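Asks: what would the 3D arrangement of this be:
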Amino acid sequence: MGRRLARELALKVLYRYEEGDTNLPAVIESVLEAKKYHAKDKDFSKLLVERTLGNLNKIDEKIIKVLKNWEYDRISVIDKIILRIGACEIVYFDDIPPQISINEAIEIGKKYGGNDSGRFINGVLDAINKEHEGSDNK
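Replies: Numbering: from 1, shown residues only. Just a heads-up that it's a prediction; the model follows:
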């Protein structure tokens, strides 16, 4: 399954972290060692979690900046985490084409989120990507 699985594992780790299980090394070990995953998948998942949490304030600022007619606090926990993962990839993973990150986030949103999650995630991440492409940060 590859990187999609790694992203889903990162979602599980970040969800537990968001819900108050803040012993990150223990959460990572619990989620990633639950089954026999490929080392590449575990490594990417860990890196994604670390970069997302390491840049959390900046990522959240980017999400808030592009929200239209929606309050950040109203976003479900799952959608918020998927947005954070997708935004992290767009901004902090130069080796992944943004459209891949957006499409993966949409599919994960459809699987784990609500009925409109895929469309919502697409709109927010597309706006973040356009903002990022137009900035000097690239």
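Asks: every contact and neighbour count from this point should use C-alpha atoms.
Replies: Noted.
Asks: give me the number of residues near Val49?
Replies: By other CA atoms under 10 Å, 24 other residues sit near Val49.
Asks: on the three-state scheme, it is what?
Replies: The three-state assignment at Val49 reads helix, by DSSP: H, G, I helix; E, B strand; the rest coil.
Asks: contact partners for it?
Replies: Ala10, Val13, Leu14, Ile85 (CA atoms under 8 Å, 6 or more residues apart in numbering).
Asks: redo that, cut-off 7 Å
Replies: Ala10, Leu14 (CA atoms under 7 Å, 6 or more residues apart in numbering).
Asks: quick one: it from Leu32, how far?
Replies: The gap separating Val49 from Leu32 is 12 Å, by CA to CA, to the nearest Å.
Asks: same question, Glu8
Replies: For Glu8, the distance to Leu32 - CA to CA - is 11 Å.
Asks: name the residue in those two with the higher neighbour count.
Replies: Each of Glu8 and Leu32 has its neighbours counted (other CA under 10 Å); Leu32 has more, 23 against 19.
Asks: check the gap between that one and Glu131 for me.
Replies: Distance from Leu32 to Glu131, by CA to CA: 33 Å.
Asks: for Arg119, same thing?
Replies: 18 Å.
Asks: residues contacting stretch 22-40, please?
Replies: When contacts are defined by CA under 7 Å, 6+ apart, stretch 22-40 is touched by residues Leu9, Val13, Tyr17, Lys42.
Asks: next: stretch 106-124.
Replies: Ile63, Val66, Leu67, Ile78, Asp79, Ile82, Leu83, Ile102.
Asks: that stretch spans what distance, first to last residue?
Replies: 11 Å.
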